[in-house]
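Chemist: A predicted structure for the sequence below; I have some questions about it.
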Amino acid sequence: MKTNRIIGLVASLLVAPMLSGCNTSHVHDLKVVQAAEPDCIHEGHQKYYECVVEGCGKIFLDNQATQETTLEEITIAATGIHTGGEATCTSKAICDVCGEEYGELGEHHYTHEVVDNKYLAAAATCTEKAKYYYSCECGEKGTETFDYGEALGHEFETIGDNYLTTQCTRGDAYRHLYEAENMKSNAWNTEDAEYRDKLWKIPGIGSGDWVVKRVYDNAVETPNKVWLEFDADMLNEETFGLYFKLALSSTSVPRNSWRVLVNGQEATTTGDFVSPTDGDWNTDTFREYYWGDITLNAGHNQIRLIISDDCRCNIDFVSLVGSSLSGEHSVKLVQDEGSETHHYACSDEGCAAVGEAIACVYDQRVATAEHLSEGKNYYYSCVCGRNGTETFEADIHVHEMAQLVTGQNDVKVCTCGKMERKFDLATSYSESWSEGTAKTDALWRQLGEPKTDLDSGHWISHINDVTHTGENDDKYWIAIGVEFEGGEDIQAELILNAGINDGSWDNIVVRVNEVIVTPANSAMNKQGWDTFANSSFGMITLKANQVNTIRISPKQGCQMNWGYLQLNSDVNTTNATDKIASLIK
């Protein structure tokens with residue numbers, strides 16, 4: 001009996017919760033109803049339990065039927081928020097539930113390349129392809145662009161009568177030609193039959209009177225041996241396109257067959273020259289080829305073209321294409337007052353063009369008197385000559401030149417033995433000149449205020465007037481004689497003092513003892529007709545115990561007034577004498 005009472009008590013305890021809140025005495029049979037999320041038009045509800053006993057129908061929040069609730073309490077209202085679908089730039093999204101259109105139009109997708117004027121961002125130029133805006137399928141224009149077609153290429157026309165200088169008809173691009181036969185070279189021969197290991201020239205081809213032909217023949221066995229070189233003065237730094245006018249051989253010429261040095265630094269190029277079908281050296285068919293871009297500094301620039309192996313071509317000219325003319329101005333370096341800057345200015349007569357200011361950089365180690373700090377210490381200097389504040393030590397002798405004969409400026413010496421000899425060109429031997437202003441086809445002298453520190457007060461003027469046609473190249477000349485005693489030949493630096501309007505050492509033929517000598521650098525200090533300055537030709541050899549004849553002849557393009565020639569040498573001055581010699585034509 002005791003056991004039965006315990007079992008009955010347990011059953012009563014288990015059933016009691018199920019009967020709670022029920023009008024009838026039964027055990028709830030609960031069915032779970034999962035939660036339902038609301039959407040744009042339908043209500044949702046929480047998870048609940050519903051009694052499925054007939055006549056009950058009560059709902060509970062738990063499966064023990066202890067938390068009775070109502071549908072109203074667990075119902076969640078419709079959200080009114082549409083979902084699904086995808087909007088485009090022309091239509092809104094369609095709700096997946098109710099099928100209604102909702103939201104905003106979609107973003108444009110600018111992926112279409114449509115070539116039409118309404119999408120034109122920039123028309124094609126000489127150097128750039130046409131640019132169009134990407135568009136959307138709806139026709140809307142984007143902001144990003146794509147290239148189309150090809151660049152137009154420059155159409156150059158001459159400026160005045162100078163065919164070397166041209167300007168593009170469509171913009172501000174300029175081109176200047178540098179004819180190969182006028183460039184400085186370390187080897188060539190004008191005899192057609194003797195061209196191995198040399199450049200050689202033939203007449204009547206190309207823009208000028210000559211072309212340099214059969215370049216390949218000098219480069220097969222000796223790559224990098226032979227080179228062409230030209231100079232370009234700039235007021236400001238600028239990048240130029242470098243082009244070659246070539247007639248190629250039967251084999252294409254790689255771009256790297258020409259090594260290009262700009263101020264001693266090698267420039268780089270990419271790609272290959274095109275097929276020689278566009279230019280044939282056997283038929284003298286020339287075409288202009290793009291080599292690459294080079295950057296010229298403000299001031300004087302030297303461009304050297306080194307001929308390497310596999311270079312097989314005839315060359316007419318080299319050209320530089322940029323937003324200004326290379327070599328348009330003859331430039332001089334000018335310090336700016338009141339600031340640590342300098343600039344380049346045009347030294348041509350009547351030209352006031354100046355370049356941009358350039359900040360001084362004090363990286364030059366020049367041990368001369370003007371840079372001396374104290375003792376053996378010298379200031380680092382800028383290329384313009386301005387001294388910095390940092391110093392370096394150098395045990396270098398600074399020449400202090402003094403007159404050999406008091407009151408005479410033609411010979412100055414230093415205690416170390418260095419001698420400067422100046423020869424007044426107005427009293428030197430000449431093939432032809434006339435007095436006064438009769439200057440037609442002749443050298444002529446001008447009297448008046450001295451332009452040099454010699455004593456004559458004369459100078460030879462307007463050389464250009466006798467050579468501007470080129471017909472008188474090497475016809476008129478000036479010569480001096482130099483004689484000294486000693487047991488050895490000496491090296492001397494040849495300097496010309498002149499008012500230079502235009503030209504270079506390439507416009508002058510220099511003979512020493514009737515042998516033509518070539519300068520290491522063709523640049524001259526161009527500061528205008530009446531601003532006399534020194535320009536160094538380089539080193540020449542003088543022979544002892546004989547009269548050494550130094551003869552200079554103006555060529556086409558030589559535009560200057562001449563003051564004096566100067567020789568600098570380290571010969572022992574105690575055994576040296578110099579005189580104007582009697583010369584025979």
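Modeler: Ah, there it is. Residues are numbered from 1 along each chain as shown.

Chemist: Where does pLDDT dip in the stretch 351-500 of the chain?
Modeler: Applying pLDDT under 70 to the predicted model, the residue ranges of the stretch 351-500 of the chain that meet it are 398, 432-443, 447-453, 455-457, 465-468.

Chemist: what are the ranges of the strands in it?
Modeler: All strands of the stretch 351-500 of the chain, identified by DSSP state E, counting those that start in this stretch, fall at 358-359, 372-374, 377-381, 387-393, 402-403, 411-413, 419-424, 429-430, 433-434, 443-447, 458-461, 478-483, 490-502.

Chemist: For stretch 338-352, list every residue counted as buried.
Modeler: By neighbour count on 16 or more other CB atoms under 10 Å, the buried set for stretch 338-352 is Thr341, His342, His343, Tyr344, Ala345, Cys346, Ser347, Asp348. C-beta coordinates here come from the backbone N, C-alpha and C atoms, glycine included.

Chemist: Now flag whichever of the residues you listed is closest to Ala479.
Modeler: Distance from Ala479 was checked for each of these by CB to CB. The minimum falls on Ser347, at 28.5 Å.

Chemist: Now do the contacts for the residue positioned nearest the centre of the chain.
Modeler: Among the residues of the chain, the one closest to the centroid is Thr295, at 2.1 Å (CA atoms, centre = their mean). Contact criterion CB atoms under 8 Å, 6 or more residues apart in numbering gives Glu237, Glu238, Thr239, Phe240, Val262 as the residues in contact with Thr295.

Chemist: run the last query once more with 10 Å
Modeler: With contact set as CB atoms under 10 Å, 6 or more residues apart in numbering, Thr295 has these partners: Met234, Glu237, Glu238, Thr239, Phe240, Val262, Asn263, Gln265, Ala267, Asn301, Gly322.

Chemist: my read: the second one touches Ser323, true?
Modeler: No - using CB atoms under 10 Å, Glu237 makes no contact with Ser323, being 11.7 Å away.

Chemist: Neighbour count: these two, which is higher?
Modeler: Between Glu237 and Ser323, counting by other CB atoms under 10 Å, Glu237 is the more crowded of the two (14 against 11).

Chemist: From Gly538, how far off is that one?
Modeler: According to CB to CB, to the nearest Å, Glu237 and Gly538 sit 27 Å apart.

Chemist: next helix or strand past the strand or helix carrying Leu177?
Modeler: Counting by DSSP states H and E, the element that carries Leu177 is strand 174-179. Proceeding C-terminally, strand 174-179 gives way to strand 184-185 as the next helix or strand, assigned by DSSP H and E.

Chemist: Okay, now the unreliable bits of the stretch 1-150 of the chain?
Modeler: Low-confidence segments of the stretch 1-150 of the chain, defined by pLDDT under 70, are located at 1-25.

Chemist: 50 instead, please
Modeler: 1-23 (pLDDT under 50).

Chemist: Now name the helix or strand holding the closest residue to Asp116 other than its chain neighbours.
Modeler: For Asp116, the nearest residue in space outside its immediate sequence neighbours is Tyr132; the separation is 7.7 Å by CB to CB, 6 or more residues apart in numbering. Following DSSP H and E, one finds Tyr132 within strand 130-135.

Chemist: name the helices or strands packed onto that strand?
Modeler: When contacts are defined as 3 or more CB pairs under 10 Å, 6 or more residues apart in numbering; DSSP states H and E, strand 130-135 packs onto strand 120-122, strand 141-148.

Chemist: What is the neighbour count of the residue nearest to Asp116?
Modeler: Counted with other CB under 10 Å, Tyr132 comes out at 22.

Chemist: check contacts around it.
Modeler: For Tyr132, the contacting residues are 113-122, 141, 145-149, taking CB under 10 Å, 6+ apart as the criterion.

Chemist: quick check, nearest of the residues you listed to Ile159?
Modeler: The shortest approach to Ile159 among these belongs to Ala122, at 27.1 Å (CB to CB).

Chemist: Hmm, Phe146 and the closest one touching each other?
Modeler: No - because the distance of 11.5 Å does not satisfy CB under 10 Å, Ala122 is recorded as not touching Phe146.

Chemist: Assign a three-state SS to Glu73, would you?
Modeler: Using DSSP: H, G, I helix; E, B strand; the rest coil, the three-state assignment for Glu73 comes out as helix.

Chemist: Verify the stated contact: it with Phe60.
Modeler: No - taking contacts as CB under 10 Å, Glu73 lies outside contact range of Phe60: 11.5 Å.

Chemist: Looking at the two, which has the bigger crowd around it?
Modeler: Set side by side, Glu73 and Phe60 show unequal neighbour counts under other CB under 10 Å, the larger going to Phe60 at 18 against 12.

Chemist: looking at it, the more buried one is touching Gln46, isn't it?
Modeler: No - counting by CB under 10 Å, no contact exists between Phe60 and Gln46, whose distance comes to 11.4 Å.

Chemist: From Glu374, how far off is Leu333?
Modeler: Counting by CB to CB, the gap from Leu333 to Glu374 is 27 Å.

Chemist: now swap in Gly481 and tell me
Modeler: Between Gly481 and Glu374 the computed distance is 44 Å (CB to CB).

Chemist: Repeat that for Asp502.
Modeler: Using CB to CB, we find Asp502 at a distance of 43 Å from Glu374.

Chemist: Of the two, which one has the most company?
Modeler: In terms of neighbours (other CB under 10 Å), Asp502 is the more surrounded of Asp502 and Glu374; the figures are 18 against 7.

Chemist: tally of neighbours for the nearest residue in space to that one that is not next to it in sequence?
Modeler: In space, not counting the residues next to it along the chain, Asp502 is nearest to Gln559; the distance is 4.3 Å by CB to CB, 6+ apart. Taking other CB under 10 Å as the neighbour definition, Gln559 ends up with a count of 24.
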